[in-house]
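J.: Quick one: sequence and predicted model below, then my questions.
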Amino acid sequence: AAPYEFSNSIGTPLREGLVTVHNLLRGADIRDKITIICSGKIISGFDIARHLALGADLCNSARGMMFALGCIQALKCNTNKCPTGITTNDKELQKGLNVPDKTARVERYHKATVHTAQEIIGAVGITKPSMLKPSHILYRNEDGKLMTMAEVFPELPLGVLVDNIPDKIQLQGGLERYGVWWEMGGIALEQMVDGTYNKVGIEETQTWQVTSSTAL
């Protein structure tokens, strides 16, 4: 129900955002202390399995449940004129929402989707969702090359951002950006403490510029 331009252009897509959060928590060595709950077009059992493999602990499904409830994506959520009766206070339109029938549909959808995810996890040859890894998921890129998600989204080593070894030495192969974000986050935190945040710009230092000889 977000504005069109916001839903298409603002923020980070779920897959990239999830991997980023998962990796930053690993780099800070606090991944085991925080639960990641992801949501965003998670509709099928495979959607659940894929995002668990990429680092999520739990998956929320809003769109799928709305489809099961009868949503036809009429884009009328904010107008009080939803034709299915789901997002409206109009008494006449609300008659289109058969609560007993839709309740059963949503329940069946939820059970079937979770069951499918469990079947996929079992087919992989593991016994619990937490054992899913990016290497279990294959991805075909635009050139037709088949890769694992572990190759597409490499994991950050545990504690790499908080140890005593310079991050530039350890973060290679597309992981350099995490050093940039960590460094800029530290600067932002210092500015919040001294009261200069949003008053002084945060610029990337030269430390993390990748030269042509090391660029991938």
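T.: Here it is on my side, so go on. Numbers count the residues shown, from 1 in each chain.
J.: Show me how far the least confident helix or strand in the chain by mean pLDDT is from its chain's centre.
T.: The helix or strand of the chain with the lowest confidence, counting by mean pLDDT, DSSP states H and E, is helix 167-170 at a mean of 76. Relative to its parent chain, helix 167-170 has a centroid offset of 26 Å by C-alpha atoms, centre = their mean, to the nearest Å.
J.: Could you count how many residues lie near residue 34?
T.: Neighbour count for residue 34, taken as other C-beta atoms under 10 Å: 11. (C-beta placed from N, C-alpha, C; glycine too.)
J.: just to revisit the earlier point, for the least confident helix or strand of the chain, name the packing helices and strands.
T.: In terms of contacts (3 or more C-beta pairs under 8 Å, 6 or more residues apart in numbering; DSSP states H and E), helix 167-170 is packed against helix 176-194.
J.: What segments of this structure are helices?
T.: Using DSSP state H, the helices found in the chain span residues 4-9, 14-27, 45-53, 63-69, 91-94, 99-124, 149-152, 167-170, 176-194.
J.: mind checking pLDDT for the residue of the chain positioned farthest from its centre?
T.: Farthest-out residue of the chain from its mean C-alpha position, per C-alpha atoms, centre = their mean: residue 92, at 38.0 Å. pLDDT, residue 92: 95.
J.: related to what we said a few turns ago, mean pLDDT for the helices of the chain: which is lowest?
T.: Minimum mean pLDDT among the helices of the chain: helix 167-170, a mean of 76.
J.: Show me the contact partners of that helix.
T.: Residues outside helix 167-170 that contact it (C-beta atoms under 8 Å, 6 or more residues apart in numbering): 157, 160, 161, 176, 178, 179, 182, 183, 207, 208.
J.: of the residues you listed, closest to residue 23?
T.: Closest approach between the contacts of helix 167-170 and residue 23, by C-beta to C-beta: residue 178, at 6.1 Å.
J.: residues in contact with the closest one?
T.: 23, 24, 27, 156, 161, 167, 171.
J.: could those residues go into JSON lines alongside distance to residue 187?
T.: As requested, these are exported to JSON lines (distance: C-beta to C-beta, whole Å):
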{"residue": "23", "distance to residue 187": "20"}
{"residue": "24", "distance to residue 187": "16"}
{"residue": "27", "distance to residue 187": "17"}
{"residue": "156", "distance to residue 187": "20"}
{"residue": "161", "distance to residue 187": "14"}
{"residue": "167", "distance to residue 187": "14"}
{"residue": "171", "distance to residue 187": "18"}
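J.: That'll do, ta.
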